[in-house]
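Enquirer: sequence plus predicted model, see below.
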Amino acid sequence: MTKRLVFWALPLATSLALAGCSAGSSDQVPNSSESTSPSDQQGNADEPATGKTLDAAQVENIASKLLEGDPAVQVIGNEQMQPQLSAAKNAKVPDGIKPEKCAELNAKYTVTDLTGSVAATSTSSSEQMGKVVQIFSLTDEATRKNVHDALALDDLEDCETVTIEQGGQEVKAQRQILPLAVKAERSLSMSTIMDAGGGQTLSSVAVQALEGNNFVLVTLQTGSMQPAELATQAVELADQAFDEIKAAQ
């Protein structure tokens with residue numbers, strides 16, 4: 001199934017909330033031969049997107065390669081993804097987030113409509129770690145702009161620690177923007193530590209990145225490792241995804 005990144009929680013099913021699970025907006029630094037004006041560094045979502053859009057077979061092939069060799073790998077292709085993306089389009093942003101201003105920040109940076117894309121997801125799971133890698137080749141310029149704008153989050157505005165009401169219980173989450181370098185024009189990465197109860201914590205790192213028409217989302221979660229240990233692996237997977245995308249174009 002597709003994963004839904006909610007601002008303050010771990011990935012849940014279906015839609016995508018870019019607002020919190022991602023990274024301190026880390027736009028790619030231009031080469032010395034390129035212009036270094038602020039507009040070039042930030043990228044302009046109104047300009048035509050660079051890079052070709054991939055088809056369903058290409059996207060699924062890339063997703064399948066990224067977790068090759070991992071245990072219990074499952075790959076979900078575009079045909080299965082589209083009904084879930086359609087359902088996510090009108091999904092409500094999770095409520096029960098406190099403080100209230102943090103719920104508002106979540107809503108501001110949330111993208112639930114990714115129907116304008118060709119998509120695939122690859123997942124793996126073991127006792128140590130769960131991994132989710134998603135590839136979205138964006139076919140609609142409005143969708144691309146929404147993703148581009150959502151990835152601009154660079155300040156949690158005193159919302160690093162929040163509580164989320166889930167199933168009548170309150171869960172505490174601590175989040176931190178991570179200044180990670182990804183091979184993309186714009187990226188966001190964030191770590192989350194959640195209280196899983198019984199003295200246990202659940203750590204996750206989500207890396208989201210946009211390059212041209214292609215959007216990559218990598219989420220790793222574990223109960224035995226710290227976010228810093230996950231970050232390197234998450235960035236490596238994101239970079240590998242963009243390498244595969246470029247090779248396919």
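Expert: Done, it's in. Numbers count the residues shown, from 1 in each chain.
Enquirer: can you pull the contacts of the residue lying closest to D70 once chain neighbours are set aside?
Expert: Nearest residue to D70, sequence neighbours excluded (Cβ to Cβ, 6 or more residues apart in numbering): S124, at 3.6 Å. Every residue, glycine included, has its C-beta placed from N, CA and C. Contacts for S124 were tallied using Cβ atoms under 8 Å, 6 or more residues apart in numbering; they are L67, D70, P71, A72, V73, Q74, G130, K131.
Enquirer: against N106, how distant is K131?
Expert: Counting by Cβ to Cβ, to the nearest Å, the gap from K131 to N106 is 24 Å.
Enquirer: and F215, which helix or strand is it part of?
Expert: strand 214-222 (DSSP states H and E).
Enquirer: centre of the chain to that strand, how far?
Expert: Counting by Cα atoms, centre = their mean, to the nearest Å, strand 214-222 is centred 5 Å from the centre of its parent chain.
Enquirer: do the same with stretch 184-199
Expert: That offset, for stretch 184-199, works out to 10 Å (Cα atoms, centre = their mean).
Enquirer: tell me which residues in that stretch are buried?
Expert: Buried residues in stretch 184-199, counted by 16 or more other Cβ atoms under 10 Å: A184, E185, R186, S187, L188, S189, M190, S191, T192, I193, M194.
Enquirer: what pairs with the last one across the strands?
Expert: To tie it back to what came earlier, the one meant is M194. A173, L202 (DSSP bridges).
Enquirer: what's near enough to touch it?
Expert: Applying Cβ under 8 Å, 6+ apart to M194 gives the contacts A9, L10, V171, K172, A173, Q174, T201, L202, S203, S204.
Enquirer: cutoff 6 Å now
Expert: V171, A173, L202 (Cβ atoms under 6 Å, 6 or more residues apart in numbering).
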